[in-house]
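Visitor: my questions are about this predicted structure, shown below with the sequence.
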Amino acid sequence: MDDRSRIRLLSILIPVYNEKYLIRTLIDKVLAAPLPASLQREVIIVDDHSTDGTWEILTEIAAKNSMIKLFRNEKNQGKGAAIEFAVQKATGDIAIFQDADLEYDPNEYAEVLAPILQGVADVVYGTRFTTGRPRRVLFFHHSIGNKLLTFMSNFFTGLNLTDMEVCYKVFKMQLLKSIPIRAKRFGIEPEITAKVAKRGFRVYEVPVSYYGRTYSEGKKINWKDGVEAFFIILKYWFVDDLYVEKDASTLFCFSHTHRLNKWMANVISPYVGDRVLEIGSGIGNITQPLLPRERYICTDIDPLHIQTLNNMFYGRPNVRVVQMDISDEIDPSLPDEKINTVVCLNVLEHIKNDKHALKNIYKILINEGRLILLVPHLQSLFSTLDETVKHERRYSEKDVRKIVIESGFEVEHVFQFNRVSTPGWIVNGKILKRRHFSMLQLKVYDSLVWFFKLIDRFLPWPGQSIICIARKTEKPLD
């Protein structure tokens, strides 16, 4: 798939600190660099409180060119802080990082952008260590350190990059803006690499030229930054700080409860047919345990989740990904898919007009098709945890039966699920007023799912969720 028709603007992000002798030449090269047809550029420059006259030069240049957006940090913070600020100000469809020191050639933009424009990549890294491009020979120990850090990053992320520390990194802007950037200095390189890996983005490498400079010529990175990078690699191996949006972080945490997701999938599997539409697939937590099927259609309202699902199921002809809001208008092609099962887990509680959503589901299903619905149980359990993930409500068994029947379905089964987690929900959400479960709590819980499955139905308190199995009848009720 070619993305050229949807990608119109490239944001070139340039952090600058004390580069008065090179900055004019660099900006001239950036503005003159050839780009693919129809792709425009904006240049976002963040001066990291230069003290050598760079800011004055930048002010003069920016005043003469409308493509340049110039900003200045109130104090020197580092490359990471400048990039973070530039990302906030950028408005393009894709972004590329560009250092201000002339070590990289803007004339190579088109080649580095190509995998994203061709639709095969979400992120592209340049690489200075593959053949085919000129590379200035400098600093043996610096090169060894770079390769060691790349090796360590690969070891902990599972990627096989050849040059993690390279400047040229290209991102789809929507994805880049969703990643929190915490490192203030050069630690941005291993940090963002770890988050790219954990998010499952499609990463490509493209050879780039490298015209490195010596420390006497103004090179700023040093051995201390290498030590910091090592600890950042370790930090983000343990820490899942992956999304700007907190509810997305919560969803990611639950994606790692593989045993819980498999338990849930096993419970509903006897009712799942061979042509399935899943409402609110998220990042595929339940989708993967339910595959393979003759036809499986994943839907979600969030474009970031759609991106993740497209990556996950790329090249699988039996899986289709559709961006859709089930509470609005349904995709007109869906009724032609002959869907015999709609899976709607932990979605209905997010929707204001839940009855309208159920009637849309009714329209999608073939006659005698099944709805598999899972919703949170009991309004009395509503807590800060529900608020964090934007629940509108929780349901009683009576509520579920009523709304499903009013939407035209015939109820086959209603039963409670996951009683074992109800006390933890009460303690964390009702008593301690927490807004998320810790990753440790979720890992401990998930490791004990084998036992919880055995005792869950015998526990005397209410389940955390209700599962409703319903069948489409011939005519929906008004």
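Guide: Structure's in. What do you need? Numbers count the residues shown, from 1 in each chain.
Visitor: any low-confidence regions in this structure?
Guide: 1-5, 131-142, 213-223, 246-256, 475-478 (pLDDT under 70).
Visitor: the longest helix seen in it: what's the following helix or strand?
Guide: Across the chain, the helix with the greatest residue count (assigned by DSSP state H) is helix 140-157. Following helix 140-157 in sequence order, the next helix or strand is strand 169-172 (DSSP states H and E).
Visitor: by contact count, what packs against that next one?
Guide: Contact analysis of strand 169-172 by 3 or more Cβ pairs under 8 Å, 6 or more residues apart in numbering; DSSP states H and E lists strand 94-97, helix 109-117, strand 123-127 as its packing neighbours. Where you see a C-beta, it was placed from the backbone N, CA and C, and this is true even at glycine.
Visitor: adding mean neighbour count and distance to I83, write these out as CSV.
Guide: Shown next, in CSV, are these (neighbours: other Cβ atoms under 10 Å; distance: least, Cβ to Cβ, whole Å):
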stretch, mean neighbour count, distance to I83
strand 94-97, 25, 6
helix 109-117, 19, 17
strand 123-127, 23, 14
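Visitor: need those in TSV (columns: distance to L175).
Guide: Conversion of the helices and strands packed on strand 169-172 to TSV gives the following (distance: least, Cβ to Cβ, whole Å):
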stretch	distance to L175
strand 94-97	10
helix 109-117	10
strand 123-127	7
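Visitor: so which of the ones you listed is nearest I286?
Guide: Nearest to I286 among the helices and strands packed on strand 169-172 is strand 123-127; the distance by Cβ to Cβ comes to 26.4 Å.
Visitor: between the closest one and helix 140-157, how big is the angle?
Guide: When axes from the mean of the first three to the mean of the last three Cα atoms, to 10 degrees is applied, the directions of strand 123-127 and helix 140-157 differ by 150 degrees.
Visitor: so what does strand 123-127 touch, helix or strand wise?
Guide: helix 109-117, strand 169-172, strand 203-207.
Visitor: which parts of the protein are strands?
Guide: For the chain, the strands identified by DSSP state E occupy 9-16, 40-47, 68-72, 94-97, 123-127, 169-172, 203-207, 275-279, 295-300, 319-323, 339-345, 365-376, 409-417, 465-472, in order along the chain.
Visitor: can you check which of these gets nearest to L149?
Guide: Among the strands of the chain, the nearest to L149 by Cβ to Cβ is strand 123-127 (13.7 Å).
Visitor: which neighbours in the sheet does that closest one have, and how are they oriented?
Guide: Strands flanking strand 123-127 in the sheet, each with its direction: strand 169-172 (antiparallel), strand 203-207 (parallel) (DSSP bridges).
Visitor: apart from its neighbours in sequence, what residue is nearest D300?
Guide: With Cβ to Cβ, 6 or more residues apart in numbering as the measure, S281 is the residue that lies nearest to D300, at 5.2 Å, once sequence neighbours are left out.
Visitor: tell me how many other residues crowd that neighbour.
Guide: Counted with other Cβ atoms under 10 Å, the neighbours of S281 add up to 28.
Visitor: do the same with the one 10 residues further on
Guide: For L291, the count of nearby residues is 16 (other Cβ under 10 Å).
Visitor: so who does it touch?
Guide: L291 makes contact with V319, according to Cβ atoms under 8 Å, 6 or more residues apart in numbering.
Visitor: related to what we said a few turns ago, dump the strands of the chain into JSON lines; add distance to K184 as well.
Guide: Formatted as JSON lines, the entries for those read as follows, by distance: least, Cβ to Cβ, whole Å:
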{"stretch": "strand 9-16", "distance to K184": "11"}
{"stretch": "strand 40-47", "distance to K184": "13"}
{"stretch": "strand 68-72", "distance to K184": "16"}
{"stretch": "strand 94-97", "distance to K184": "15"}
{"stretch": "strand 123-127", "distance to K184": "21"}
{"stretch": "strand 169-172", "distance to K184": "17"}
{"stretch": "strand 203-207", "distance to K184": "24"}
{"stretch": "strand 275-279", "distance to K184": "41"}
{"stretch": "strand 295-300", "distance to K184": "34"}
{"stretch": "strand 319-323", "distance to K184": "35"}
{"stretch": "strand 339-345", "distance to K184": "40"}
{"stretch": "strand 365-376", "distance to K184": "40"}
{"stretch": "strand 409-417", "distance to K184": "45"}
{"stretch": "strand 465-472", "distance to K184": "42"}
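Visitor: closest to D225 out of these?
Guide: So among the strands of the chain, strand 9-16 is nearest, using Cβ to Cβ, at 14.2 Å.
Visitor: tell me the contacts of the residue nearest to D300?
Guide: 287, 298-300, 305, 309, 321.
Visitor: ok, the residues you listed vs E337, which is closest?
Guide: Within the contacts of S281, proximity to E337 (Cβ to Cβ) peaks at T299, which comes in at 11.3 Å.
Visitor: distance check, the closest one against F409.
Guide: As defined by Cβ to Cβ, to the nearest Å, T299 lies at a distance of 19 Å from F409.
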